[in-house]
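Visitor: one predicted model, sequence on top.
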Amino acid sequence: MMNYQPYLEVAETAARSAGNILRRAFAEGAGARAVSAEAAHDLKLRLDEELQSHITAILLAAFPETSLLGEEGDAGAADSSLCWVVDPLDGTVNFFYGLPIFCVSIALQHAGRTVLGCVYDPMQQECYTAVLGDAPRCNGQIIAVSNRTRMAEAVVFVGHGTHDGSGAAGLHRFGYISSRVRKMRILGSAALSLCYIAAGRMDAYVEDRISLWDFAAAGFILEMAGGVLEYTPHEASGRKGAVLAWNGRIPLKEQLLNSTLTSSV
């Protein structure tokens, strides 16, 4: 089996370096939050683009034979079997509004299979890592999903889109699940939500519209921690789709099926 540890070490270097830039920019306040594009329910900062360029330079300098797929564009050797999947700032809206819940996400895929993941939370200074053949870790300490088996004990994130045609159904599902779990949480960062499941802090994550770079690294970390992630692509490229992730123990899929069957929308 190929040794991916050197790739993970460089990924962590890049994630921490980008995270340090984010932490300094966050402290600077509004001056570091220039918007480059804005939509009704989302926005993009110039910092997103600058961070991806910074990360790309580090990764491709170390491994010039690799390619890179990122939220801010692609780079590298397009025909490579090794492809980095990068979200330089997951939680852009949180960052923009001054909420300290965001992260840097870097995964590596080999022939389409994710083989490592690194997610760095610069505000908590927590670095989640996993590589094929080894246990997942947070700051070097092994992590695992929770042992919770009952929905009534679970802490769950359920997305409910407002601009993609899924609003009414999503709100119904949110209400149905929220009445059956201990607490609902919406962090504003898919990668951190999945890492929190991997670390046993949360138990499930459901989202109808998500991009590959949002979950590639954290989803791998979750699976290595004993969790389950199911991804249903919405398009041929596989870059956007729906995610269902949980600790592998609570009856999440059964509850979601019940939610669909009992929906009046």
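Guide: All right, it came through fine.

Visitor: contact partners for the spatially most central residue of the chain?
Guide: Here the mean C-alpha position of the chain is nearest to the C-alpha of A191 (C-alpha atoms, centre = their mean), at a distance of 2.2 Å. Residues near A191 by C-beta atoms under 8 Å, 6 or more residues apart in numbering: D87, D90, G91, C103, S105, V119, D214, F215, A217, A218. The way it works is simple: take the backbone N, C-alpha and C, and place the C-beta from them, glycine included.

Visitor: quick one: which of those residues is nearest K253?
Guide: If you rank the contacts of A191 by distance to K253 using C-beta to C-beta, F215 comes first, at 17.8 Å.

Visitor: residues contacting that closest one?
Guide: Residues touching F215, when contacts are defined by C-beta under 8 Å, 6+ apart, comprise A190, A191, L194, L229, Y231, V243, A245.

Visitor: name the SS class of the fifth one, please.
Guide: Read that as Y231. What DSSP: H, G, I helix; E, B strand; the rest coil gives for Y231 is strand.

Visitor: that one and V115, how far apart?
Guide: Summarising the geometry, the distance separating Y231 from V115, computed by C-beta to C-beta, to the nearest Å, is 16 Å.

Visitor: if you count what's nearby, which of these two comes out ahead?
Guide: The residue with more neighbours, out of Y231 and V115 and counting by other C-beta atoms under 10 Å, is V115; that gives 20 against 15.

Visitor: quick one: contacts of the biggest helix by length in the chain?
Guide: What stands out as the longest helix in the chain, according to DSSP state H, is helix 5-28. Outside of helix 5-28, the residues within contact range by C-beta under 8 Å, 6+ apart are 32-33, 47, 51, 54-55, 58-59, 62-63, 82, 84, 88-89, 95, 98, 100, 102-106, 108, 115-116, 118-123, 127, 129, 131, 134.

Visitor: buried subset of those residues?
Guide: When the contacts of helix 5-28 are checked for burial by 16 or more other C-beta atoms under 10 Å, the buried set is 32-33, 47, 51, 54-55, 58-59, 63, 82, 84, 88-89, 95, 102-106, 108, 115-116, 118-123, 127, 129, 131.

Visitor: tell me where the model's unsure across the protein.
Guide: 30-44, 160-167, 261-265 (pLDDT under 70).

Visitor: can you show me the helices along it?
Guide: Listed from the start of the chain, the chain has helices (DSSP H) covering 5-28, 46-62, 92-96, 167-178, 190-198, 212-224, 252-262.

Visitor: starting at the chain centroid, how far to the third one?
Guide: Taking the mean C-alpha point of helix 92-96 and that of its whole chain, the gap between them comes to 15 Å (C-alpha atoms, centre = their mean, to the nearest Å).

Visitor: ditto for stretch 249-256
Guide: Chain-centre distance of stretch 249-256: 21 Å, with C-alpha atoms, centre = their mean.

Visitor: buried sites along that stretch?
Guide: Along stretch 249-256, these residues count as buried under the neighbour rule (16+ other C-beta under 10 Å): R249, I250, L252, Q255, L256.
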